[in-house]
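A.B. asks: after the sequence you'll find the predicted model.
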Amino acid sequence: MNRVLSISSVYEIILASSQVDHVDLLELIEKIGDMIVHTEDQARQSLSIEYSGELHSIDSDIGISVALVVNELIHNCVKHAFKEGAEGKITVCLQKDGPELEIQVRDDGIGYSPAMKPSLGLDIIRMTVENDLDGEFSIQRIKEGTLASVRFPYKR
């Protein structure tokens, strides 16, 4: 259901703006993140999410792919990084690096382990980033939690 709602978020932002073929990436990320973190069951109310970065307008077709990826990354944080009822923080950072955009999703949860069984969510992320965005995806355990990074050219 979250995947469908993430795609619909792209269209909501497009309809609310004056540009039909572009979407504001930071606004899109915030809409998706807030939807996931603030609508999960009551046991997850102790999670917070923060955003940083500059506003970047991207083509709406790229926005749809980014919406799917961001949905999966944040949903994975909520679902896997924190034990039920545990406090936690998710940080989403958007930054421009030359002709590429990088989206980093970081949590302060239990940390990613490559030994974990493969998941549909990570498969969706990898395929979407590589095939639709012509980009790169990485995920790693960091000192306090997990860092997932997506880099892709923002202009076609």
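C.D. replies: All right, it came through fine.

A.B. asks: tell me the SS of the residue nearest to the spatial centre of the chain?
C.D. replies: Nearest to the mean C-alpha position of the chain, by CA atoms, centre = their mean, lies Val70 at 2.0 Å. Val70 carries the three-state label helix when classified by DSSP: H, G, I helix; E, B strand; the rest coil.

A.B. asks: residues contacting it?
C.D. replies: Contacts for Val70 (CB atoms under 8 Å, 6 or more residues apart in numbering) come out as Ser6, Leu28, Ile29, Ile32, Gly33, Val92, Ile103, Val105. C-beta coordinates here come from the backbone N, C-alpha and C atoms, glycine included.

A.B. asks: can you pull the phi/psi pair for Ala115?
C.D. replies: Phi and psi for Ala115, reported as degrees, to the nearest 10, are phi -80, psi -10.

A.B. asks: for Ile125, see how far away it is.
C.D. replies: 18 Å (CB to CB, to the nearest Å).

A.B. asks: so for these two, which sits in the more crowded spot?
C.D. replies: Ile125 (22 against 5; other CB atoms under 10 Å).

A.B. asks: how about that one, secondary structure?
C.D. replies: Following three-state DSSP, the label given to Ile125 is helix.

A.B. asks: distance of it from Ile74?
C.D. replies: 11 Å.

A.B. asks: then Gln104?
C.D. replies: 12 Å.
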